[in-house]
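Trainee: how would this look folded up:
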Amino acid sequence: MSDHYYTDRPTAKHDRKTIEVELRGQKVRLVTDAGVFSKEGLDYGSRVLIDALDIPEQSSVLDVGCGYGPIGIAAGLMGAKSITMLDVNERAIELANENVASNGISQAKALKSDLLESVLHQKFDVIITNPPIRAGKETVHRLFEQASECLNPGGSLWIVIQKKQGAPSAKAKLEMLFEQVEEVTKDKGYRIYKATAAL
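Mentor: Residues are numbered from 1 along each chain as shown. Presented below is the predicted three-dimensional model:
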């Protein structure tokens, strides 16, 4: 059976490569590998999400399902004060830590975590996720529930999800958990939702 990108220890043979991507107008070089999500280059959903983000300077940011790190690095380029990056995939965590270091994002660190389990005692200003849709709706909705517990008052959860992969039910779930939910943008079937916690 082949690994999913949400496998904690991928068995796929290493195939490291360096890609160059543009994040918020800045070119960065990222190392990817087999067994991690979108290893050939930045996936379209993450691109739409990164371009839509509005992160207040000096924010504490949590990137859930960070992969090899493009979203967390983008948050660093936007002036986030601290960035915690989570993934269940140990290979992704190693790559994310390598990539934040090589791109000078010294305020970021990637940690192993099943969804938000390792940070449930912490609070953040901004939580960002390209959720693991293939892990199933129940998992994605649990991620939303955990995020609602980990936001500071007035903080925001940003997600990208395709309409055909459950955007309507995701939005309905978010509306149960958050004070305000807005569709920030849509592009080629991808929806970007910003869910804001009550003050």
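Trainee: who touches stretch 183-191?
Mentor: The contact list for stretch 183-191, computed with CB atoms under 8 Å, 6 or more residues apart in numbering, reads 44-45, 48, 52, 158, 160-164, 167, 171, 192-194. In this view, the C-beta of every residue, glycine as well, is placed from N, C-alpha and C.
Trainee: what is the helix or strand harbouring residue 91 packed up against?
Mentor: Assigned by DSSP states H and E, residue 91 belongs to helix 90-102. Counting contacts by 3 or more CB pairs under 8 Å, 6 or more residues apart in numbering; DSSP states H and E, helix 90-102 packs against strand 26-32, helix 70-77, strand 82-87, strand 108-112.
Trainee: now the second one: how far from the chain's centre is it?
Mentor: Meaning helix 70-77. Distance of helix 70-77 from the chain centroid (CA atoms, centre = their mean, to the nearest Å) equals 10 Å.
Trainee: follow-up on the earlier one: nearest to residue 19, of the helices and strands packed on helix 90-102?
Mentor: Checking the helices and strands packed on helix 90-102 against residue 19 by CB to CB gives strand 26-32 as the closest, at 5.5 Å.
Trainee: counting by contacts, list what the closest one packs against.
Mentor: Applying 3+ CB pairs under 8 Å, 6+ apart, we find strand 26-32 packed against strand 17-23, helix 70-77, helix 90-102.
Trainee: could you identify which of the ones you listed is most buried?
Mentor: Counting by mean count of other CB atoms under 10 Å, helix 70-77 has the highest mean neighbour count of those, with a mean of 26.
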